[in-house]
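Student: sequence-free structure coming up:
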């Protein structure tokens, strides 16, 4: 069996270096609260508020380190609450996506784009992918046998020697499956 | 192909006759806003507020007609917002479930039980079930090919000559699949 740990991602934001300074002040550096499963990635101590036409969320967690472009990842449920209509996208693919207002302790930013619903995916270290016969960008069938069993039929494989094995789904998906971070999923494709 | 229309149920409440009177006044009768897919069932014009330890929702739709026991159906996402921990249950199976406070224009009710996350299910008219070789209470595999394709592996069949063919899922499930009411699902079991 090809088993993968599951990580359920709550709404969060990645900030560009410029936006960190606009929101937190010149020269500010994010503080690490907790390391994440992917090497070098962390949940920051800092949070921001995000505001849409119909609603707002306070205390949206920042994930670090800084990235080239600011990106907000929310669930479809969150999107209805905020009043925005983001597409399901792979991380980094934010052209043509809606924006939101982001508020920090030292300033605010009106994003022109950057809001996505993250496409479900699995990070594979190259050695895992080779062992299991899985290709980068392959769409996988992945079964979750939590309280509400289901099979995701389009989980994107992302393979790199910089990745650690982990499946990322959002809260709508985690709740629909009745699973939580640390549960296990089974990949049905590959060798 | 065994195709079924999908209905995505937002949070809602079914009220007992006693609770309708406590919330809306003696002798009050619910007004029909819209007929639902199941014969005789309707969305009422009236709404109530529901209040939990951590949050509240105003304007929760009442579905009629009155039932023997009051039942609130919410998503897992809603449950986190309210601060309650309901089980996934079939409709009507509310023993041992948590309660919530319900507020109407003429009074309020502190429920001792009744909050569930509805187990996904398909209503079959007896003739549909016979034609497709599906038994009452059978657990079905059902594929949804919306924006985020997935297969639910445990959809409960409910067969009656009082039912019309319709699949009911909650908003977490609808959002995880990227489908909305009126979309179509495919049953993978049966003949």
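Tutor: Nice, thanks for sending it over. Source: prediction; values computed, not measured.
Student: contact partners of stretch A:136-144?
Tutor: A:4, A:6, A:122, A:129, A:134, A:149-160, A:167, A:177, A:179, A:183, A:185-190, B:153 (Cβ atoms under 8 Å, 6 or more residues apart in numbering or on different chains). C-betas here are computed from N, CA, C, even on glycine.
Student: Past the helix or strand containing residue A:57, which element shows up next along the chain?
Tutor: In this assignment (DSSP states H and E), residue A:57 forms part of strand A:56-64. The first helix or strand that comes after strand A:56-64 along the chain, using DSSP H and E, is strand A:71-73.
Student: How about residue A:170, nearest residue that isn't a chain neighbour?
Tutor: Leaving out its chain neighbours, the residue that sits closest to residue A:170 by Cβ to Cβ, 6 or more residues apart in numbering or on different chains is residue A:75, at 4.6 Å.
Student: and if you look at residue A:140?
Tutor: residue A:155 (4.5 Å).
Student: and the one you found, how many neighbours?
Tutor: Around residue A:155 there are 28 other residues, counting by other Cβ atoms under 10 Å in any protein chain shown.
Student: you'd agree it is up against residue A:121?
Tutor: Yes: Residue A:155 is within contact range of residue A:121, at 6.3 Å (criterion: Cβ atoms under 8 Å).
Student: Mutual contacts of these two, please.
Tutor: Counting by Cβ under 8 Å, 6+ apart, the shared contacts of residue A:155 and residue A:121 are residue A:167.
Student: mind listing the helices for chain A?
Tutor: With DSSP state H as the criterion, chain A has helices at A:17-24, A:76-82, A:126-132, A:171-177.
Student: re earlier: which ChimeraX command selects the buried ones in the contacts of stretch A:136-144?
Tutor: Selecting only the buried entries of the contacts of stretch A:136-144 in ChimeraX, with 16 or more other Cβ atoms under 10 Å in any protein chain shown as the criterion:
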select /A:4,6,122,129,134,149,150,151,152,153,154,155,157,158,159,167,177,179,183,185,187,189 /B:153
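Student: Residue numbers of chain A in contact with chain B?
Tutor: A:75-77, A:88, A:119-120, A:143, A:147-154, A:171-173, A:175-178 (Cβ under 8 Å from any Cβ of the partner chain).
Student: who touches residue A:110 in this structure?
Tutor: By Cβ under 8 Å, 6+ apart, residue A:110 lies in contact with A:99, A:101.
Student: For chain B, see how far away it is.
Tutor: For residue A:110, the distance to chain B equals 26 Å [Cβ to the nearest Cβ, to the nearest Å].
Student: Name all residues that make contact with the residue of chain A positioned farthest from its centre.
Tutor: The centre of chain A is farthest from one residue, residue A:191, which by Cα atoms, centre = their mean lies 27.8 Å away. Residue A:191 makes contact with A:132-133 under the criterion Cβ under 8 Å, 6+ apart.
Student: pLDDT score assigned to it?
Tutor: Looking at residue A:191, its pLDDT stands at 76.
Student: Pop the domain breakdown of chain A in here.
Tutor: Domain segmentation of chain A under automatic domain parsing yields A:11-116, A:120-190.
Student: if we can go back for a sec, ranking the helices of chain A by burial, who's on top?
Tutor: Of all the helices of chain A, helix A:171-177 has the most neighbours on average by mean count of other Cβ atoms under 10 Å in any protein chain shown, namely a mean of 28.
Student: pLDDT on that helix, on average?
Tutor: pLDDT averaged over helix A:171-177 gives 98.
Student: next one: it to chain centre, how far?
Tutor: Helix A:171-177 sits 14 Å away from the centroid of its parent chain (Cα atoms, centre = their mean, to the nearest Å).
Student: outside of it, which residues touch it?
Tutor: Contacts of helix A:171-177 (Cβ under 8 Å, 6+ apart): A:6, A:8-11, A:75-78, A:120, A:144, A:146-150, A:152, A:169, A:180-181, B:75-77, B:148, B:170-173, B:175-177.
Student: and if you look at stretch A:18-36?
Tutor: A:15, A:41-46, A:48, A:62-66, A:70, A:102-109.
Student: re the thing from before, which helices and strands does the strand holding residue A:57 pack with?
Tutor: Applying 3 or more Cβ pairs under 8 Å, 6 or more residues apart in numbering or on different chains; DSSP states H and E, one finds that strand A:56-64 contacts strand A:12-14, strand A:42-51, helix A:76-82.
Student: Go again with 6 Å.
Tutor: On a contact count with 3 or more Cβ pairs under 6 Å, 6 or more residues apart in numbering or on different chains; DSSP states H and E, strand A:56-64 meets strand A:12-14, strand A:42-51.
Student: Now do residue A:41 against chain B, distance only.
Tutor: The separation that residue A:41 has from chain B, given Cβ to the nearest Cβ, amounts to 24 Å.
Student: Please tell me I have it right and residue A:124 contacts residue A:162.
Tutor: No: taking Cβ atoms under 6 Å as the definition, residue A:124 is not a contact partner of residue A:162, at 10.9 Å.
Student: Who has more neighbours out of these two?
Tutor: Legend: neighbour count by other Cβ under 10 Å for residue A:124 and residue A:162, higher for residue A:124 (28 against 11).
Student: Many thanks, we can stop here.
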